[in-house]
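Participant: Give the three-dimensional model of this entry:
(chains A and B)
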Amino acid sequence: MVASVIFTLLFFGGFGFFFMQILKIRSNILLGRDLDRSGDASTRWKTMLLVALGQKKMFTRPIPALLHLALYVAFIITQIELIEIIVDGISGNHRFFAPALGSFYTFMISFIEVLSVLALIGTIAFLARRNLLKLPRLTMKELTGWPKKDANLILIMEVILVSFIFTMNGADEALLNLKSNQSNGFLISQYVGPLFFGGIKNHETLHALEQIGWWGHFTMVLVFLNYLPFSKHLHILFAFPNTYYSNLNPKGQFTNMEAVTAEVKLMMDPTADPYAQPVSDATPQRFGAKDVTDLTWKNLMDAYSCTECGRCTSSCPANTTGKLLSPRKIMMDTRDRLTEVGNGIRKNGKDFSDGKSLLGDYISEEEIWACTSCNACVQECPVNIDPLSIIVDLRRYLVMEESKMPTELTGMLTNIENNGAPWQFSQNDRLNWANED
Amino acid sequence: MALQVPTMAELMAKGETPDILFWVGCSGSFDDRAKKITKAIVKILNHCNVKFAVLGAEESCTGDPAKRAGNEFTFQMQAMMNIQVLNGYEVKRIVTGCPHCFNTLKNEYPELGGTYEVIHHTQLIQDLINTGKLQLEGGSTYKGKKITFHDPCYLGRANDVYEAPRSLIEKLDAELVEMKRCKTNGLCCGAGGAQMFKEAEKGNKEINVERTEEAVETSAEIIATGCPFCNTMMTDGVKTVEKETSVKVLDIAELIANAAEL
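Facilitator: Residues are numbered from 1 along each chain as shown, chains lettered A, B, ... in the order given. Okay, here's the model as predicted:
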């Protein structure tokens, strides 16, 4: 009875706190500018199923893809066991579904155990790749400090989660062996149980161990869940909406700035009244992006979906030739700044300002000017994040609001405006090539 | 044979309309190396009796480098002026000699009122071969030679055109050898995003050198491209790694024109 009450409190407390954090993230994302990503639902569902659920883009690198798949499938399937844990916990039963499901129950738990072992192998391999093999993309300088700890913490939590599963099932098996010389018949714990706990010939100790495993597993699930909103690991949830709202246009198509279109049309219209009052007296939006609130909500959702795997950066031509630009850092900076702005607004109201901005305090001009707009980062991202569109919006702000750009580009733009080519050639000479040898 | 390069204005004066507009682009009009590519395209068009025209002095930059540099005003001014000219001539189909013009005309002009069927020159040449208008038989210029293809970002990743240029290399009876990073994984030449017009930021290597080294590793005799900017970057790269005697950088259009002995 007491256990049921404690369990119910933990359960609702844990999930409640988690949903509060998710609502905060949602309100942060909604600080972004409007962008229409509605329509074509069937393509969107298909993209989500293939890219998020099917992990299609992970398989361009097969080894990490397989290890990742093991963890991912184990994560999803283990949630079935979580349902039983919740039912057992609230009702005070032990293995509530076992009698009704019979041999299918044995199969399910065995399946979960096998996946858990695979997940454990994956987790250890991932820890080794980060800490022993020191893969370049997992040890770059933007990961120093918290990001590195975050990654290891997640992996360690996964090891603990799996250990609790086997403590629970293993002690349960050993207890059953001892009591009645019978076995649960679960594929892994029927061996692991006697191996680890077979020496214990005391019912109470085995029962206590089983309970430690059970409560430990459940508590770790809650800890894990509530850690997600603060971690890069949030991608396990955000991968789904983020791929659903993917950009479905060709990658080379940059967004059209409608505010500019209105002004250019006015400039080219000979009948326009130069003294006309503006149609709306709302403050005009800033051109491009200086801070996170100038970005679109999809850019901000991208930032929360990033798990800092670094595939973007390792394929970036600027980064791999030693330039400062790292698309992964662009996404990490956007998330960090958004968290800061979101917290500030919640504390100090809508007009919060701390004198800082994404461009300048987080991302430098040198970084964004190194981009070749080649779309390699966009292509590589396993959850369809688009760092390029943030880079372009930051450039737009610099060029159109502050007229700040590398001097050669000023010349190039002047040439286009004066003679319709990025170089100093007369437009009248455009066909000269046809008469040259 | 002298090149036949009619302009839209000339055809209109005669009351004729071409089947397709050839958008030459700034590089193809003014850059000495790229002009050769332009001429190769025209040779193919002339040889196949394609009824085409150019805008000549009425053509102006599409605005691509302005847009990539972040200057949407300059881009849209250019786009609107070009759209006025194109719509004035009631242009329906456009072939470009440059993937940047291709991308901008195809993807970024419709929202500003300019909707056309836009193809890249490799797609047009592929079509000419497939319909039997262009034949390469007897052309043994490149038979058995190793050729690698460098994917221009604005043709490949940006617009998913990977097969047209490759199918043309195969038509040459040449051996197509792929670089380690190709197609969707292709490495940029370093010119895109307005980089062509500025010095690169501080780093430990130039992107075009990195890419050229990868091309040289395939032991190809020819690096084929489909973009005048990639051509410049790869040509410079070949000079940097001192391979200019053994490795040539050529556009697909030039390879086809040479093979057809035009």
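
Participant: dump the residue contacts of whichever residue of the stretch 101-250 of chain A sits closest to chain B.
Facilitator: When scored by Cβ to the nearest Cβ, the stretch 101-250 of chain A has A:P250 as its residue closest to chain B, at 5.2 Å. Quick note: C-beta positions are derived from backbone N, CA and C, even for glycine. Contact analysis of A:P250 by Cβ atoms under 8 Å, 6 or more residues apart in numbering or on different chains lists B:N103, B:K106, B:N107, B:A158, B:N159, B:D160.

Participant: Might one say that A:T47 is in contact with A:Y245?
Facilitator: No - in this structure A:T47 lies outside contact range of A:Y245 using Cβ atoms under 8 Å: 9.3 Å.

Participant: what does the host helix or strand of A:L409 contact?
Facilitator: A:L409 belongs to helix A:407-419 when elements are defined using DSSP states H and E. Residues from elsewhere that reach helix A:407-419 (Cβ under 8 Å, 6+ apart): A:399, A:421-427, B:61, B:63, B:65-66, B:69, B:71, B:74, B:77-78, B:194, B:197-199.

Participant: Ok, stretch A:284-293 next?
Facilitator: A:31-33, A:257, A:259-260, A:294-295, A:300, A:334, A:337-338, A:341, A:357-360, A:390, A:393-401, B:70, B:72.

Participant: So which bits of stretch B:66-84 are buried?
Facilitator: Residues of stretch B:66-84 classed as buried: B:66-83 (neighbour count, 16 or more other Cβ atoms under 10 Å in any protein chain shown).

Participant: mind listing what the closest residue to chain A within chain B touches?
Facilitator: Residue of chain B nearest chain A, by Cβ to the nearest Cβ: B:A158 (2.7 Å). B:A158 makes contacts with A:P250, A:K251, A:G252, A:Q253, A:N375, B:P99, B:N103, as judged by Cβ under 8 Å, 6+ apart.

Participant: Could you tell me which residues of the stretch 151-262 of chain B lie near chain A?
Facilitator: Within the stretch 151-262 of chain B, the positions lying close to chain A (Cβ under 8 Å from any Cβ of the partner chain) are B:153-154, B:157-160, B:184-188, B:190-207, B:210-211.

Participant: So which of those residues are in helices?
Facilitator: Among those, the members falling in helices are B:I207, B:E210, B:R211 (criterion: DSSP state H).

Participant: For the residue nearest to the last one when sequence neighbours are not counted, give me its contacts.
Facilitator: Translated: B:R211. The spatial neighbour of B:R211 that comes closest, neighbours along the chain excluded (Cβ to Cβ, 6 or more residues apart in numbering or on different chains), is B:L187 at 5.1 Å. Applying Cβ under 8 Å, 6+ apart to B:L187 gives the contacts A:P317, A:A376, B:M179, B:R181, B:I207, B:E210, B:R211, B:E214.

Participant: go on, A:I156?
Facilitator: Applying Cβ under 8 Å, 6+ apart, we find A:I156 in contact with A:L127.

Participant: host element of it?
Facilitator: Counting by DSSP H and E, A:I156 is part of helix A:146-180.

Participant: Looking at that helix now, give me its mean pLDDT.
Facilitator: Average pLDDT, helix A:146-180: 95.

Participant: Please convert the contacts of B:L187 to TSV, extending it with distance to A:M220 and neighbour count.
Facilitator: Putting the contacts of B:L187 into TSV (distance: Cβ to Cβ, whole Å; neighbours: other Cβ atoms under 10 Å in any protein chain shown) gives the following:
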residue	distance to A:M220	neighbour count
A:P317	42	29
A:A376	38	29
B:M179	47	22
B:R181	41	18
B:I207	46	26
B:E210	45	19
B:R211	48	25
B:E214	46	18
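
Participant: Show me which of these is closest to B:E244.
Facilitator: Using Cβ to Cβ, B:R211 comes nearest to B:E244 of the contacts of B:L187, at 15.8 Å.

Participant: tell me the phi and psi of the residue nearest the centre of chain A?
Facilitator: Closest residue to the average C-alpha location of chain A: A:S305 at 2.2 Å, with Cα atoms, centre = their mean. With angles defined as degrees, to the nearest 10, A:S305 shows backbone torsions of phi -90, psi -10.

Participant: Contact partners for it?
Facilitator: Counting by Cβ under 8 Å, 6+ apart, A:S305 has contacts A:L234, A:H235, A:F238, A:A239, A:N242, A:V383, A:I385.

Participant: One more pass at 6 Å, please.
Facilitator: For A:S305, the contacting residues are A:H235, A:F238, A:N242, A:V383, by Cβ atoms under 6 Å, 6 or more residues apart in numbering or on different chains.

Participant: what's the domain layout of chain B?
Facilitator: B:8-127, B:136-259 (automatic domain parsing).

Participant: And the last one, end to end?
Facilitator: When you say that, I think you mean domain B:136-259. 6 Å (Cα to Cα, to the nearest Å).

Participant: Neighbours of A:E258, how many?
Facilitator: A:E258 has 9 neighbouring residues, counting by other Cβ atoms under 10 Å in any protein chain shown.

Participant: on that earlier part again, report the buried members of the residues of the stretch 151-262 of chain B next to chain A.
Facilitator: Buried by 16+ other Cβ under 10 Å: B:153-154, B:157-159, B:184-188, B:190-198, B:200-201, B:203, B:206-207, B:210-211, out of these.

Participant: Good, wrapping up.
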